[in-house]
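Enquirer: Mind folding the following:
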Amino acid sequence: MKENKKTTNEIEPIRHYRGKKNSDIVNFPINLRREVFSPKANKELLEAPITTGRIVFKVLNDISNDQFQEERNIGQLQLFEEEFMTENNTYARFTFNVEEIDEHKDYNAIRKGLEVLENLEKGWHKARNSKGKVIKSYGGVILNPNISEGKISFLMSSYWVGKFLNLGVYNPAFFETAFALTKMRQVLFYLWLLELPEKGTKVKFENLQETYNYNYQDAQTFNKNVLKKWRKKYDSCSNVSFNSSTRKNYIYIVPYYTKDVDLQLKKETVTKQQITQKLHYWKVRHDLKKDDIDILKSLINIDPTNYKLFVKSYDSFVANC
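Expert: Below is the predicted model:
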């Protein structure tokens, strides 16, 4: 049976996101990354312009006030379903300034980024609401992109709005990281880094090289010419970076929280990052358990001045022992 699509003139967006002030951090749903924004899911993203990633981060930023977790934010889930999950072909509109994606107003690069998202996962999509009703919508991640008079505008179907809004399990990502990086594959690798366990992982050189479309002869060369250079970038512009080493045809990657980044971050964001980095160091250095770190976190949340007390006490412990 052939589905009937609404024409552009017939589409009336349910909600209009007009551009929210940029936050330091966006919440990136893990399922969204694994199912869509990863080389394994969509290989073509490796060659996409960096504007593709920036638009995605901007969408996550602008919808942040509406994001929810089904098991916790029942009210927000119900509101989303009432607005977006009752009829087929329901859409939200996004509008923001050109310079929010590229400060140099490179219209060609922005246009290409929009085209990638318009064609990404394009087709009919189905989602089932809590009452069991199946809602259908058509399009790629975005639909009907437009650049006019310094503004970017596009639609997003209820299916994709749900993917961006429903956090489930997620990772905090620095918003400006997507703007400090220059290649889309660096953004994809960064999002993967956020998911790695603290002890790290090992990957076959051939698999990693194939995943990111490189053609080096051995693991050592790949590590030196690609991963080491990426590490320097993440050290300066993201909340997570990594160490890498090789053994035969395996590459070992161990993530760590960064200390100092060259981004204009709010004071409270910098403080949170410093606390996260310090707790991570103590956990690794002294083989602490997750419960131990959770206790420290809870005490800091109760009274932020406890953090300085912990640091002072630890420094005294090191000096005397």
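Enquirer: Next, count neighbours for residue 184.
Expert: 25 (other Cβ atoms under 10 Å). Yep, even glycine has a C-beta here, placed from its N, CA and C like the rest.
Enquirer: Next, the contact list for it, please.
Expert: 45-50, 52-53 (Cβ atoms under 8 Å, 6 or more residues apart in numbering).
Enquirer: residues near the nearest residue to it once chain neighbours are set aside, how many?
Expert: Computed as Cβ to Cβ, 6 or more residues apart in numbering, the closest residue to residue 184 that is not its neighbour in sequence is residue 48, at 4.5 Å. By the criterion of other Cβ under 10 Å, residue 48 has 21 neighbours.
Enquirer: Could you do residue 17 as well?
Expert: Neighbours around residue 17, by other Cβ under 10 Å: 20.
Enquirer: what's it sitting at in phi/psi?
Expert: Per-residue torsions, residue 17: phi -90, psi 110 (degrees, to the nearest 10).
Enquirer: what separates it from residue 152, distance-wise?
Expert: Residue 17 sits 12 Å away from residue 152, going by Cβ to Cβ, to the nearest Å.
Enquirer: Show me the common contact partners of those two, please.
Expert: Common contacts of residue 17 and residue 152 (Cβ under 8 Å, 6+ apart): 94-95.
Enquirer: before we move on, which element is the nearest residue to residue 299 once chain neighbours are set aside in?
Expert: Take residue 299 and drop its neighbours on the chain: the residue closest to it by Cβ to Cβ, 6+ apart is residue 306, 4.9 Å away. Assigned by DSSP states H and E, residue 306 falls within helix 305-320.
Enquirer: Which residues does residue 28 form beta bridges with?
Expert: Note on residue 28: beta-bridge partners residue 171, judged by DSSP bridges.
Enquirer: which residues sit in contact with it?
Expert: 60, 170-173, 191, 194.
Enquirer: Give me the phi and psi angles of the nearest residue to residue 128 once chain neighbours are set aside.
Expert: In space, residue 128 comes closest to residue 134 once its chain neighbours are excluded; the distance is 5.3 Å by Cβ to Cβ, 6+ apart. Phi and psi for residue 134, reported as degrees, to the nearest 10, are phi -90, psi 130.
Enquirer: just the one 5 residues further on next, same as before
Expert: Listed backbone geometry of residue 139 is phi 140, psi 170, with angles given as degrees, to the nearest 10.
Enquirer: hey, where'd the helices end up in this structure?
Expert: 30-35, 50-62, 74-84, 107-119, 158-165, 177-180, 184-193, 205-211, 219-222, 228-237, 267-285, 290-302, 305-320 (DSSP state H).
Enquirer: elements contacting the second one?
Expert: Put plainly, it is helix 50-62. strand 25-29, strand 91-97, helix 107-119, helix 177-180, helix 184-193 (3 or more Cβ pairs under 8 Å, 6 or more residues apart in numbering; DSSP states H and E).
Enquirer: Reformat the ones you listed as CSV; add distance to residue 235.
Expert: Shown next, in CSV, are those (distance: least, Cβ to Cβ, whole Å):
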stretch, distance to residue 235
strand 25-29, 18
strand 91-97, 29
helix 107-119, 26
helix 177-180, 11
helix 184-193, 12
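Enquirer: wait, which of the ones you listed is closest to residue 296?
Expert: strand 25-29 (21.0 Å; Cβ to Cβ).
Enquirer: Using CSV, list the CA coordinates for that closest one.
Expert: Below are the C-alpha coordinates for strand 25-29, written out as CSV (Å, rounded to 0.1, in the frame of the first residue of the first chain):
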residue,chain,number,x,y,z
ILE,A,25,27.0,20.7,27.7
VAL,A,26,24.5,18.7,25.6
ASN,A,27,23.0,15.3,26.5
PHE,A,28,23.7,12.9,23.7
PRO,A,29,21.5,9.8,23.8
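Enquirer: so that strand versus helix 184-193, what angle?
Expert: 80 degrees (axes from the mean of the first three to the mean of the last three Cα atoms, to 10 degrees).
Enquirer: Please identify the buried residues of strand 25-29?
Expert: 25-29 (16 or more other Cβ atoms under 10 Å).
Enquirer: now the residues you listed in TSV, with pLDDT and distance to residue 87?
Expert: Formatted as TSV, the buried residues of strand 25-29 follow (pLDDT from 0 to 100; distance: Cβ to Cβ, whole Å):
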residue	pLDDT	distance to residue 87
25	94	34
26	96	29
27	95	28
28	97	29
29	95	24
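Enquirer: Would you mark the buried spots in stretch 264-273?
Expert: For stretch 264-273, by 16+ other Cβ under 10 Å, it's 265, 269, 272-273.
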